[in-house]
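Engineer: next input, structure requested:
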Amino acid sequence: MTLEEGRRVQLAAELRLAGSVVRAHEDPEEAAPEGVAASLSLAAGVEGTVEAVDDGRGEPPGREVLEYVRLKSLLDDFGHQMPPASRQQLADQVGGLEPAWTAHQQRRLRVTVRVRLDNGFVLDGAHEDLFTLL
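Structural biologist: Residues are numbered from 1 along each chain as shown. Predicted structure coming up:
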């Protein structure tokens with residue numbers, strides 16, 4: 001399912017939000033240590049409107065990801081022509097960069113949304129799987 005801005009959605013499951021409370025425009029990392037602890041439950045079926053969608057593509061790939069793509073392409077295209085020792089060395093380099101590539105792929109697959117619920121609450125950075133389309 002792909003959510004789009006302006007679409008009506010509802011919570012697919014009951015949510016319990018717990019943690020410290022900070023002002024909306026305050027950086028959680030810089031919040032006062034004496035912050036208020038809170039817990040909030042939202043019932044399944046609460047409706048709202050999607051305000052923003054983040055598909056993870058806005059973040060540029062890091063140096064290791066770009067190097068993985070370059071070396072993997074080289075190995076796939078010309079590996080069969082390389083001497084065995086060179087091919088093995090290249091395969092080892094690709095293997096060493098694979099965790100960065102896997103992490104990059106997982107970030108791109110995680111779509112998050114900002115939803116303004118009808119009860120006034122806003123869920124920001126929520127995984128799209130928490131919602132169903134109306």
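Engineer: after the helix ranked longest in the chain comes which helix or strand?
Structural biologist: Ranked by residue count under DSSP state H, the longest helix found in the chain is helix 84-109. Sequence order places strand 112-117 as the next helix or strand after helix 84-109, per DSSP states H and E.
Engineer: what sits up against that following strand?
Structural biologist: Applying Cβ atoms under 8 Å, 6 or more residues apart in numbering, the contact partners of strand 112-117 are 3, 9, 11, 42, 46-54, 56, 122-128, 131. Just so you know, the C-beta spots here come from the backbone N, C-alpha and C atoms, and that holds for glycine as well.
Engineer: and for stretch 91-100?
Structural biologist: Taking Cβ under 8 Å, 6+ apart as the rule, stretch 91-100 contacts 62, 64-65, 67-68, 71-72, 75, 79.
Engineer: give me that answer again for 6 Å
Structural biologist: Residues from elsewhere that reach stretch 91-100, judged by Cβ atoms under 6 Å, 6 or more residues apart in numbering: 64-65, 67-68, 71-72, 75.
Engineer: repeat for stretch 119-134
Structural biologist: With Cβ under 6 Å, 6+ apart, stretch 119-134 has contacts from 3, 8-10, 12, 111-116.
Engineer: out of the residues you listed, which one has the lowest pLDDT?
Structural biologist: When the contacts of stretch 119-134 are compared by pLDDT, Val111 scores lowest at 81.
Engineer: now do Val94 against Leu66, distance only.
Structural biologist: 13 Å (Cβ to Cβ, to the nearest Å).
Engineer: higher neighbour count, the two?
Structural biologist: Neighbour count, other Cβ atoms under 10 Å: between Val94 and Leu66, Val94 has more, with 21 against 15.
Engineer: show the buried residues in the contacts of stretch 119-134.
Structural biologist: 3, 9-10, 111-115 (16 or more other Cβ atoms under 10 Å).
Engineer: nearest to Arg87 among those?
Structural biologist: Comparing the buried ones among the contacts of stretch 119-134 against Arg87 with Cβ to Cβ picks out Val111 as the nearest, at 37.5 Å.
Engineer: fine, thanks again, bye for now.
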